[in-house]
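K.L.:
Model the following, please.
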Amino acid sequence: MNERLQVYEDKMKKTMASLESDLATIRAGRANPNVLNKIMVDYYGTPTPIQQVGNVSVPEPRMILIQPWEKSMVKAIEKAIQTSELGINPTNDGSAIRLVFPELTEERRKELVKDVKKKGEGAKVAIRNIRRDGNDALKKLKGSEVSEDEIKDMEEELQKVTDKFVKKVDEAVEAKSKEVMTV
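P.N.:
Numbers count the residues shown, from 1 in each chain. Predicted coordinates:
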C-alpha cells in the first residue's frame, strides 16, 4: 500500500471500529455484557465503566449479573443503569444486580434492524468521505513530482480499499441484523 494512502486506510479502520463498537451496544434478545460499555458509574467522584467496579457475567441467556467488588457500589451501579438509555430495570438483592432482558417483540426487532442499517449507512458515508478527501489530496499532486499515471493508480488503489471497507460494513450490518432477528 502506498504510504500516501495509508492514512486514509487507517481512518477507514477507525470508522469500522467505531461502527463495531456501536453495533455491540445494540441489544438483541440475548444478554450481551457489551450493552453496559457506555454506562459510567460514579466511583468516588470519578465516572468509571461498570466492568471496572465489579464482575459482569451472563449466567443465563437473557440475564446479566453484576457483582460489585465493594458492596457500597451496588446503589451507584443500580442508579447508573436506571438513568442510562438501556431501558431495563435492574434488580438489586443487596450484594449483586441482575438485569433480565425481556423477549423482544417482532416490531422492536424490526426497529433495531432499521437502527443497525442506519448506523451502517452512516459508516459507509464516513468511508466515502474519507475516499473523497483522499482523491482531493491526490488531485492536488498533479503537476508535482508524481506522474498522472501514478495518481491514477493511487486513485484506483484508494477505490479498492474503499470497496473493501464498504463490504466489511455490509457484512457487519448483515450479521447484527441477523442476530437481532433471531428469536
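
K.L.:
Just say helix, strand or coil for the residue lying farthest from the centre of the chain.
P.N.:
No residue in the chain sits farther from the centre than Gly143, which is 41.5 Å out by C-alpha atoms, centre = their mean. With DSSP: H, G, I helix; E, B strand; the rest coil as the basis, Gly143 sits in coil.

K.L.:
How about the contacts made by it?
P.N.:
By C-beta atoms under 8 Å, 6 or more residues apart in numbering, the contact set of Gly143 is empty. All C-beta atoms are positioned from the backbone trio N, CA, C, and that covers glycine.

K.L.:
need the contact list for Lys14.
P.N.:
Taking C-beta under 8 Å, 6+ apart, one finds nothing in contact with Lys14.

K.L.:
Tell me the pLDDT of it.
P.N.:
Here, the pLDDT recorded for Lys14 equals 95.

K.L.:
And Gly29, by the same measure?
P.N.:
67.

K.L.:
Likewise for Met1?
P.N.:
63.

K.L.:
in the chain, which spans are strands?
P.N.:
40-43, 46-49, 54-60, 63-68, 91-92, 97-100 (DSSP state E).

K.L.:
State the mean pLDDT of the shortest one.
P.N.:
The average pLDDT for strand 91-92 rounds to 88.

K.L.:
So what touches it?
P.N.:
Outside strand 91-92, the residues that touch it by C-beta under 8 Å, 6+ apart are 74-75, 78, 97-100.

K.L.:
so Pro61 touches Arg30, yeah?
P.N.:
Yes. Taking contacts as C-beta atoms under 8 Å, Pro61 lies within contact range of Arg30: 5.3 Å.

K.L.:
which one of these two has more residues nearby?
P.N.:
Each of Pro61 and Arg30 has its neighbours counted (other C-beta atoms under 10 Å); Arg30 has more, 15 against 9.

K.L.:
OK, contacts around that one?
P.N.:
61-62, 101.

K.L.:
repeat for Val35
P.N.:
Contacts of Val35 by C-beta under 8 Å, 6+ apart are 25-27, 64, 86.

K.L.:
roughly how far apart are Ala80 and Pro47?
P.N.:
Going from Ala80 to Pro47 by C-beta to C-beta, to the nearest Å gives 9 Å.
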